[in-house]
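[1] what's the 3D shape of this:
(2 chains)
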Amino acid sequence: MAEKITPRSTNYSDWYIDIVTQAKLADYSPVKGSMVIRPRGYALWEKIQGTLDKMFKDTGHTNAYFPLLIPESFLHKEAEHVEGFAPELAVVTHGGGAKLDEPLVIRPTSETIIWSMYKKWIQSYRDLPLLINQWANVVRWEKRTRLFLRTTEFLWQEGHTAHGSSEEAVEETLRMLEVYRTFAEEYMAMPVLTGVKSESEKFAGAVNTYAIEALMQDKRALQAGTSHFLGQNFAKAFDVTFQTKDGTLDHVWATSWGVSTRLIGALIMAHSDDNGLVLPPKLAPTQAVIVPIFKTQNKAEVLTYADGIYQALRQELGTDFNRVVLDDDDSNSPGWKFAEWEMVGVPVRIELGPRDMENQKAVLVRRDTREKEIVEVSQVPKRVRELLEDIQTNLYNRALEFRKANTFEANSYEEFREFFAGDGGGGFVLAPWSGDAKAEARVKEETKATIRVLPFGNEEKAQGRTCIFTGEPAKFMAIFAKAY
RNA sequence: CGGGAUGUAGCGCAGUGGCUAGCGCGCCUCGUUCGGGACGAGGAGGCCGCGGGUUCGACUCCCGCCAUCCCGACCA
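    I've put the predicted structure just below:
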């Protein structure tokens, strides 16, 4: 008997950890708060990377790589930036056996090193826009960590762009937010809310932070991606100027945007169940697995039959390594394999036994609903493809339904508190808010709920309404949630 | 940084001031099985977290340390 996953309803946190470890996505490393991303987890990251990278290239960005180590003084150049990151910096003080003249910080993000270089590369409006992305690791010394969601070291991409005007930079910020939204919804099958962050939640050094926010199955929100309009803050801190068409000198306008391996955590918490991981087909490294069912006497025949279907499926779905898997290992029983492949989240399973062989059929099982169906062998490739598409949309719709069922509007603070009361409380709660940061802090203190985003167009909707926290006229309709 | 818990075989755990430290799962070999986590037989695998103390004798009692996990305040 293999180990079982803690049921989601028993302990959500244990359930999550069980999925990560038992689906072999990651393992704890010897260093507190850091993890090893195992092949199955990394394959997922590679799918995410591959898709996003293409989307970045399609919007005009190129990749580069900036170094891990940053002179400590660089961090100090932008006041809010250093204040925001100081508590979570890892600092290198020695190198080559000697104490360094100036300590080096391990990047918590790369704005400073990048802008120090942009200063050298940008002189004229002809050098703009400069649109660079990098895939990298970063280190943030977190007090409390959680596999994939928050680890000391994590992988991400960070885009850093420079523009000749504020409007253009804002446009870029929103364009990349939209890229993230598209990716989350169309590939991860995870509906997200978009909007701007409140002052207290924005990135250290940004003028505005925009985010995509998703609702997890435990009714808590997860920030899945951010896009920042940095104004001229970094350009001024690093003195990055350019000559305009009419010969004047101006500081450039900046953006930065990123998503991280946290997306894997989001993926798990958005779709998975008590049988293990559930992956959207578009991101599943393995889309289909064939489990042949044979006895020693008929092993050869069944495997021949299975191989025919395997080849046909490879033709249909692609020949990438492990895209389709034929599990002909005879050291485990079919039942064991069913459970195992469900654990790792393969979207479609094809069961092939002597009975199917005799009737020229195949049993197809979809991971999202675990429904079985029997089809003609010739129909397998076509039907599997249909199922993959259907699973992709079903996962999205299911997540969207869940979000709808857990999105509320509060007309009074009493009502607001009710939504977040108790262990089962949560979800997205829309409420009119005056914009007062002290009220925001008090609400967090009292309910644990924070403002996730101020949705686009919310200011018009807030017109004429009263802030439920202060009684003042509302400026915004804010989305609150308990967050990861 | 506070609170809680745990360190014994790869994983999950049990254990007694004493003699050869156990159980389940996993692993290896052989055989029988194989349509929802099969079964039998045999086998490999241990600085009982680290350091000190008490004792004739410590995995066990005492002190200290370290580490990890979980829960809260800070954060993609």
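[2] When you work out contacts or count neighbours from here on, use the C-alpha atoms and nothing else.
    Will do.
[3] Show me which residues of the stretch 151-300 of chain A are close to RNA strand B?
    A:151-154, A:201-203, A:223-226, A:259-262, A:293-296 (CA under 7 Å from any atom of the strand).
[4] among the residues you listed, which ones are buried?
    With neighbours counted using 16 or more other CA atoms under 10 Å, these contain these buried positions: A:151-154, A:202-203, A:223-226, A:259-262, A:293-294.
[5] just the residues you listed now: which is nearest residue A:389?
    Residue A:389 lies nearest to residue A:224 out of those, by CA to CA, at 23.6 Å.
[6] In this structure the closest one contacts residue A:215, no?
    No: with contact defined as CA atoms under 8 Å, residue A:224 does not count as touching residue A:215 (9.9 Å).
[7] Ignoring the adjacent residues along the chain, who's closest to residue A:119?
    Leaving aside its sequence neighbours, residue A:119 sits nearest to residue A:240 (CA to CA, 6 or more residues apart in numbering; 4.6 Å).
[8] Could you list which residues are in contact with that neighbour?
    Residue A:240 makes contact with A:115, A:118, A:119, A:122, A:234, A:251, A:252, according to CA atoms under 8 Å, 6 or more residues apart in numbering.
[9] what's the spacing between residue A:115 and RNA strand B?
    To RNA strand B, residue A:115 is 19 Å away according to CA to the nearest atom of the strand, to the nearest Å.
[10] and the closest residue to that residue other than its chain neighbours, what does it touch?
    Nearest residue to residue A:115, sequence neighbours excluded (CA to CA, 6+ apart): residue A:238, at 6.3 Å. The contact partners of residue A:238, by CA under 8 Å, 6+ apart, come to A:77, A:112, A:115, A:116, A:119.
[11] and the next element down the chain from the helix or strand that contains the second one?
    For residue A:112, the host element (DSSP states H and E) is helix A:111-121. Going down the chain from helix A:111-121, the next helix or strand is strand A:130-139, by DSSP H and E.
[12] next one: that following strand to chain centre, how far?
    Distance, stretch centre to chain centre, for strand A:130-139: 16 Å (CA atoms, centre = their mean, to the nearest Å).
[13] Pick out the residue of the stretch 51-200 of chain A closest to RNA strand B.
    Residue nearest to RNA strand B within the stretch 51-200 of chain A (CA to the nearest atom of the strand): residue A:150, separated by 3.4 Å.
[14] residues near that residue, how many?
    If you count neighbours by other CA atoms under 10 Å, residue A:150 ends up with 21.
[15] residue contacts, residue A:373?
    A:363, A:364, A:365.
[16] Output the helix or strand encompassing it as PDB, restricted to C-alpha atoms.
    Per DSSP H and E, residue A:373 falls inside strand A:372-376. Extracted as PDB, the C-alpha positions of strand A:372-376 are listed here (Å, rounded to 0.1, in the frame of the first residue of the first chain):
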ATOM      1  CA  LYS A 372     -14.200   6.300 -18.400                       C
ATOM      2  CA  GLU A 373     -15.400   5.600 -22.000                       C
ATOM      3  CA  ILE A 374     -14.800   2.900 -24.500                       C
ATOM      4  CA  VAL A 375     -13.900   3.800 -28.100                       C
ATOM      5  CA  GLU A 376     -13.000   2.000 -31.300                       C
END
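[17] May I see the buried residues of the helix or strand following that strand?
    Per DSSP H and E, the first helix or strand lying C-terminal to strand A:372-376 is helix A:380-405. Under the neighbour-count criterion of 16+ other CA under 10 Å, helix A:380-405 has A:380-381, A:384-385, A:387-388, A:391-396, A:398-400, A:402-403 buried.
[18] re earlier: show me what the strand holding residue A:373 pairs with in its sheet, parallel or antiparallel.
    When pairing is defined by DSSP bridges, strand A:372-376 lines up against strand A:361-366 (antiparallel).
[19] need the contact list for the residue lying closest to the residue of the stretch 51-200 of chain A closest to RNA strand B once chain neighbours are set aside.
    Counting by CA to CA, 6+ apart, the nearest residue to residue A:150 once its immediate chain neighbours are dropped is residue A:262, at 7.1 Å. By CA under 8 Å, 6+ apart, the contact set of residue A:262 is A:148, A:149, A:150, A:224.
[20] for the second one, what are its contacts?
    Read that as residue A:149. Going by CA under 8 Å, 6+ apart, residue A:149 touches A:261, A:262, A:263, A:265, A:266, A:484.
[21] Rebuild the residues you listed as JSON lines, extending it with pLDDT.
    JSON lines is the format used below for the contacts of residue A:149 (pLDDT from 0 to 100):
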{"residue": "A:261", "pLDDT": "94"}
{"residue": "A:262", "pLDDT": "94"}
{"residue": "A:263", "pLDDT": "96"}
{"residue": "A:265", "pLDDT": "94"}
{"residue": "A:266", "pLDDT": "95"}
{"residue": "A:484", "pLDDT": "89"}
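[22] Just send the residues you listed back as CSV, with distance to residue A:33 too.
    Below are the contacts of residue A:149 laid out as CSV (distance: CA to CA, whole Å):
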residue, distance to residue A:33
A:261, 14
A:262, 14
A:263, 18
A:265, 15
A:266, 18
A:484, 16
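[23] Doesn't residue A:432 belong to a strand?
    Yes: with DSSP: H, G, I helix; E, B strand; the rest coil as the criterion, residue A:432 is part of a strand.
[24] Return the distance of it relative to residue A:417.
    Separation of residue A:432 from residue A:417 (CA to CA, to the nearest Å) stands at 14 Å.
[25] all helices of the stretch 1-150 of chain A, in order?
    Secondary structure of the stretch 1-150 of chain A by DSSP state H, counting those that start in this stretch: the helices cover A:12-22, A:39-58, A:72-75, A:79-85, A:111-121.
[26] who wins for proximity to residue A:101 among those helices?
    Nearest of the helices of the stretch 1-150 of chain A to residue A:101, taken as CA to CA: helix A:72-75 at 10.7 Å.
[27] Check the offset of that closest one from the chain's centre.
    Centre-to-centre, helix A:72-75 and its host chain are 29 Å apart (CA atoms, centre = their mean).
[28] Which neighbouring elements make contact with it?
    strand A:98-106, helix A:111-121 (3 or more CA pairs under 8 Å, 6 or more residues apart in numbering; DSSP states H and E).
[29] Of all these, which one is nearest residue A:24?
    Among the helices and strands packed on helix A:72-75, strand A:98-106 comes nearest to residue A:24, with 28.3 Å by CA to CA.
[30] Would you state the predicted confidence (pLDDT) at the residue nearest to residue A:115?
    Here the pLDDT value assigned to residue A:238 is 96.
[31] Also residue A:1?
    So, for residue A:1, pLDDT stands at 31.
[32] returning to what we had before: quick check: the farthest pair among the contacts of residue A:240?
    Maximum distance among the contacts of residue A:240 (CA to CA): 13.5 Å, for A:122 and A:234.
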